[in-house]
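# I'd like to go over a predicted model; first the sequence, then the structure.
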Amino acid sequence: MLMALDGANTAGRAVPEPDSKEQALIRRVQNGEHDKFYELVKPYERRVYTAAFSVLRNVADAEEVAQEAILKAFANLRQFRSESRFSTWLIQIAVNEARMRRRKDHPEIMEPIGEYTDEEGTYTPRDFADWREIPSEALERNEIRKLLLEALASLGAKYREVFVMRDIQHLSIEEVADSLGISQASVKTRLLRARLMLRDLLAPRINQRWFSRVPFEKGTKPW
Amino acid sequence: MVAVGCEQVWQEISNYLEGEVDPTLRSALEDHLGQCRRCTAVLEGTRNVVEIYGDERLFQVPMGYSWRLKRRLAAEANAGRRTVLGWLAATAAIALVSGTALLENRKGIPALRSEHAQPGHHVPQNLEVLVNTHGKLFHIPGCPFMSQQDGTRSMVASEAMKEGYVPCVRCLGEYVSQVARFLAKRARVSV
């Protein structure tokens, strides 16, 4: 049993401090070297995209909003103060842009009451048998990826946003809180619930799918 | 020795995985987990969720995303500094490039590396692509159908086509259709 508990810290991740190279790059762009801006945002372009996707759940919209957010950051870089991290500032812009886009494109969608408030109610995880460890190669299979993305999309927005930032983008709890403008305690509450809900959604389906099929039928090719 | 119940274990699962519980609580949680099958299943399932969603392969940006972003930023950066002189220079550059292209065309279409292939059309000339030294196709970086056996070189699409490489129908096909969908959507939004 205790073997299974080894590595309990696997989810804890060190977050590097913003480096002086980045600060210097910001100053150069602020002083007019506009062609250096892509170099500045390149390390974060995936994060900006996933932040937009976590709100919009649509590939084309997410890309467009990610571009708009980065252009907005470019236009407003003079206003950026180094009190916050550049990455956090960039993601804040992406999340705000994505939320505005969602409201504009889908005004008919009403957020459930309490969507952006916190609750202290206890979540009771469902009682399933052990979920066997998923082999890493499983991610190469489209059906598994589809299943994972569908489960993620089915979460409420406030849980999905926190989960994507922490467990997919690997931001620290503090960065997630700053990016979303909520307390660290709220981040932890939502993260716990998101993880448990995903476990409840996936555990019965993944075991069944992974172990009930062979990768390819005899005589067929994978392409 | 502090004793904890199932409900408290569920509340602390996330903090436990993050390594953010104090040693006394950690010991109590592990003691409980050692005896409770249900809580162990919850812990293992939650750990699986964290690990599988944390894998970079799951959540990939659309093919060509970086290139489109770079191009849009370059356009934005240049928009501010366009002057009459700039326009004149651009016109001269276009004339020069067109002239060169015309001359190239007169020399004939480059010999293709594959005699059965069709030359590429509608592929952005400055798109960064990858080729294998002994291969016949050029690919978008990250194409899963690219052979890893030969030496890989990076170049722009126009150079690859000049060297007789033809587009990989899988990754370039997907790329071109993604761009088309993206442009169609933008056109709809602007209307």
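Sure thing, it's come through.
# what is the mean pLDDT for the lengthiest helix in chain A?
With secondary structure taken from DSSP state H, chain A has its longest helix at helix A:184-212. Averaging pLDDT along helix A:184-212 gives 82.
# how far is it from where the chain is centred?
14 Å (Cα atoms, centre = their mean, to the nearest Å).
# just stretch A:79-95 next, same as before
With Cα atoms, centre = their mean, you get 16 Å for stretch A:79-95.
# is the longest helix of chain A positioned near chain B?
Yes: using Cβ under 8 Å from any Cβ of the partner chain, helix A:184-212 reaches chain B at A:188, A:191-192, A:195-196, A:198-199, A:202-203. The way it works is simple: take the backbone N, C-alpha and C, and place the C-beta from them, glycine included.
# again with stretch A:63-79
Yes: judged by Cβ under 8 Å from any Cβ, stretch A:63-79 comes into contact with chain B through A:63-64, A:66-67, A:70-71, A:74.
# using PDB, write out every CA atom in that stretch.
Extracted C-alpha coordinates of stretch A:63-79, given in PDB (Å, rounded to 0.1, in the frame of the first residue of the first chain):
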ATOM      1  CA  GLU A  63      -6.900  30.400 -31.700                       C
ATOM      2  CA  GLU A  64      -8.500  33.600 -32.700                       C
ATOM      3  CA  VAL A  65      -8.900  34.900 -29.200                       C
ATOM      4  CA  ALA A  66      -5.400  33.800 -28.300                       C
ATOM      5  CA  GLN A  67      -4.100  36.000 -31.300                       C
ATOM      6  CA  GLU A  68      -6.300  38.900 -30.200                       C
ATOM      7  CA  ALA A  69      -5.100  38.600 -26.600                       C
ATOM      8  CA  ILE A  70      -1.400  38.600 -27.700                       C
ATOM      9  CA  LEU A  71      -2.100  41.600 -30.000                       C
ATOM     10  CA  LYS A  72      -3.700  43.400 -27.100                       C
ATOM     11  CA  ALA A  73      -0.700  42.700 -24.900                       C
ATOM     12  CA  PHE A  74       1.500  44.100 -27.700                       C
ATOM     13  CA  ALA A  75      -0.600  47.300 -27.900                       C
ATOM     14  CA  ASN A  76      -0.600  47.700 -24.100                       C
ATOM     15  CA  LEU A  77       2.900  46.600 -23.200                       C
ATOM     16  CA  ARG A  78       3.800  50.100 -22.100                       C
ATOM     17  CA  GLN A  79       1.300  49.800 -19.300                       C
END
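# what is the least confident helix or strand in chain B?
Across the helices and strands of chain B, mean pLDDT, DSSP states H and E gives its lowest value to helix B:84-107, namely a mean of 56.
# next secondary structure after that one?
Next helix or strand after helix B:84-107 toward the C-terminus (DSSP states H and E): strand B:128-132.
# list the contacts of the spatially most central residue of chain A.
Nearest to the mean C-alpha position of chain A, by Cα atoms, centre = their mean, lies A:Val164 at 1.9 Å. Contact analysis of A:Val164 by Cβ atoms under 8 Å, 6 or more residues apart in numbering or on different chains lists A:50-51, A:53-54, A:152.
# and what of B:Thr152?
Per Cβ under 8 Å, 6+ apart, neighbours of B:Thr152: B:130-133, B:146.
# let's see 10 Å
The contact partners of B:Thr152, by Cβ atoms under 10 Å, 6 or more residues apart in numbering or on different chains, come to B:130-133, B:135, B:139, B:141, B:146.
# ok, of these, which come out buried?
Buried members of these, counted by 16 or more other Cβ atoms under 10 Å in any protein chain shown: B:130-132, B:135, B:139, B:146.
# domain ranges for chain A?
A:19-105, A:136-212 (automatic domain parsing).
# so which of those domains comes closest to B:Met161?
Among the domains of chain A, the nearest to B:Met161 by Cβ to Cβ is domain A:19-105 (25.3 Å).
# A:Ala177: which of the residues of stretch A:63-79 next to chain B is nearest?
When those are ranked by distance to A:Ala177 (Cβ to Cβ), A:Ala66 comes first, at 21.6 Å.
# now do that closest one, the pLDDT please.
pLDDT recorded at A:Ala66 is 95.
# where does the chain have low pLDDT?
Just so you know, I chose chain A. Low-confidence segments of chain A, defined by pLDDT under 70: A:1-19, A:106-121, A:129-140, A:207-223.
# could you do chain B instead?
Residues of chain B that meet the cut-off, pLDDT under 70, sit at B:1, B:80-110, B:115-122, B:148-150, B:186, B:188-191.
# can you give me the strands in it?
Assigned by DSSP state E, the strands in chain B fall at B:128-132, B:137-139, B:152-156, B:166-167.
# what's the answer for chain A, then?
Per DSSP E, chain A carries no strands over any range.
# that one: helices as residue ranges?
A:2-5, A:20-30, A:37-41, A:45-56, A:59-75, A:86-105, A:142-153, A:157-163, A:173-180, A:184-212.
# could those helices go into TSV alongside distance to B:Glu163 and mean neighbour count?
Shown next, in TSV, are those (distance: least, Cβ to Cβ, whole Å; neighbours: other Cβ atoms under 10 Å in any protein chain shown):
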stretch	distance to B:Glu163	mean neighbour count
helix A:2-5	54	12
helix A:20-30	35	14
helix A:37-41	27	20
helix A:45-56	29	24
helix A:59-75	31	21
helix A:86-105	38	20
helix A:142-153	33	16
helix A:157-163	46	23
helix A:173-180	45	21
helix A:184-212	44	19
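# quick one, domains of chain B?
Split by automatic domain parsing, chain B gives B:6-53, B:65-190.
# tell me which of those domains sits most buried.
Scoring the domains of chain B by mean neighbour count under mean count of other Cβ atoms under 10 Å in any protein chain shown gives domain B:6-53 as the most buried, with a mean of 18.
# possible to save the helices of chain A as a markdown table with distance to B:Gly54?
Shown next, in a markdown table, are these (distance: least, Cβ to Cβ, whole Å):
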| stretch | distance to B:Gly54 |
| --- | --- |
| helix A:2-5 | 18 |
| helix A:20-30 | 24 |
| helix A:37-41 | 23 |
| helix A:45-56 | 12 |
| helix A:59-75 | 19 |
| helix A:86-105 | 18 |
| helix A:142-153 | 12 |
| helix A:157-163 | 11 |
| helix A:173-180 | 14 |
| helix A:184-212 | 11 |
